[in-house]
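Asker: Let's see this in three dimensions:
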Amino acid sequence: MGKKDPAQCQQMDEVRAEIDRLDDALVDLLIERWRYVDRAWQLKQDPSEARVPWRIQQVVDRVKARAKAAQMPEALVESLWRQLIGWGIQYEEEKLQKRDEG
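Answerer: Below you'll find the predicted structure:
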């Protein structure tokens, strides 16, 4: 099934199929993003480097600007990205701590 514009969907099964297609693509992108998170901790020296406030704000500001330009709720995007970032920081801190102990 090819990509459909939302306005082309005439029935709910078409909408659901497009949402499923997008969910698959989002998971693939999250997997790719996570691989970079995994690489990041390997390049850092200690757990204090996992949380970089200026970088967190830079990422959040960038995605919020994209959401705003697309007339998507900025709060939704910010919430999602802060969750992603938080998981990444926790993961990095744990990996760095284990490396320091090992």
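Asker: Can you spell out which helices and strands pack onto the lengthiest helix in the chain?
Answerer: Taking DSSP state H as the criterion, the chain has its longest helix at helix 12-43. The contact analysis (3 or more C-beta pairs under 8 Å, 6 or more residues apart in numbering; DSSP states H and E) places helix 12-43 against helix 74-101. Where you see a C-beta, it was placed from the backbone N, CA and C, and this is true even at glycine.
Asker: for the helix it packs on, packing partners?
Answerer: Helices and strands touching helix 74-101, by 3+ C-beta pairs under 8 Å, 6+ apart, are helix 12-43, helix 53-69.
Asker: For the nearest residue to Ala40 once chain neighbours are set aside, give me its contacts.
Answerer: Residue nearest to Ala40 in three dimensions, not counting chain neighbours: Glu92, with 6.3 Å by C-beta to C-beta, 6 or more residues apart in numbering. Applying C-beta atoms under 8 Å, 6 or more residues apart in numbering to Glu92 gives the contacts Val37, Ala40, Trp41, Lys44, Pro47, Glu49, Ala50.
Asker: Redo those residues as CSV? Include neighbour count, distance to Ser79 and pLDDT.
Answerer: Formatted as CSV, the contacts of Glu92 follow (neighbours: other C-beta atoms under 10 Å; distance: C-beta to C-beta, whole Å; pLDDT from 0 to 100):
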residue, neighbour count, distance to Ser79, pLDDT
Val37, 17, 18, 97
Ala40, 17, 22, 96
Trp41, 20, 24, 96
Lys44, 16, 26, 96
Pro47, 18, 25, 91
Glu49, 14, 25, 94
Ala50, 20, 21, 95
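Asker: ok, which pair from these is furthest apart?
Answerer: Val37 and Pro47 (14.6 Å; C-beta to C-beta).
Asker: Next one: the closest residue to Cys9 other than its chain neighbours from Asp38, what distance?
Answerer: Nearest non-adjacent residue to Cys9, counting by C-beta to C-beta, 6+ apart: Val15, 4.8 Å away. To Asp38, Val15 is 34 Å away according to C-beta to C-beta, to the nearest Å.
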